[in-house]
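> Sharing a model prediction with you, sequence too.
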Amino acid sequence: MDIVFKALSDPTRREILRLLSQGEKTAGELASKFDMTKPSMSHHFAVLKDAELISSRREGQQIWYSLNTTVAQEAIAWVMDLVERSSGKRSKRK
């Protein structure tokens, strides 16, 4: 889970995920939304892939990226569980 939160800690990677929530996109389509070098974009893609937040497939010269909703849902569930536990502790203190 640490690798997921590390990946989510960067605003560029969060924006890539937001863009992919609208559907599968090519590396070029995603890169066109950012003012950064190709190696920098590749680094962000690699971090997101290592965290299994995105997957990729090659089609000819194009690399297509898509959101892996399963891992994103697991991270959200973990955060929600943490919040619920924290809220429960506060209720018991009152």
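Yep, it's here.
> got the contact list for the stretch of helix or strand residue 82 belongs to?
For residue 82, the element it lies in under DSSP states H and E is helix 69-93. Helix 69-93 is contacted by residues 1, 4, 5, 8, 17, 51, 52, 53 when judged by Cβ atoms under 8 Å, 6 or more residues apart in numbering. Where C-beta positions appear, they are placed from N, C-alpha and C, glycine not excepted.
> burial measure for residue 69, as a count.
12 (other Cβ atoms under 10 Å).
> any idea how far it lies from residue 21?
9 Å (Cβ to Cβ, to the nearest Å).
> Equivalent analysis for residue 84, please.
From residue 84 to residue 21 the distance is 24 Å (Cβ to Cβ).
> which stretches of this protein have low pLDDT?
89-94 (pLDDT under 70).
> Let me see the ranges of the helices in it.
2-8, 11-20, 27-31, 38-50, 69-93 (DSSP state H).
> who wins for proximity to residue 61 among those?
helix 27-31 (9.7 Å; Cβ to Cβ).
> quick one: which two of the contacts of helix 69-93 are the most distant?
Among the contacts of helix 69-93, 1 and 17 lie farthest apart (Cβ to Cβ), at 16.1 Å.
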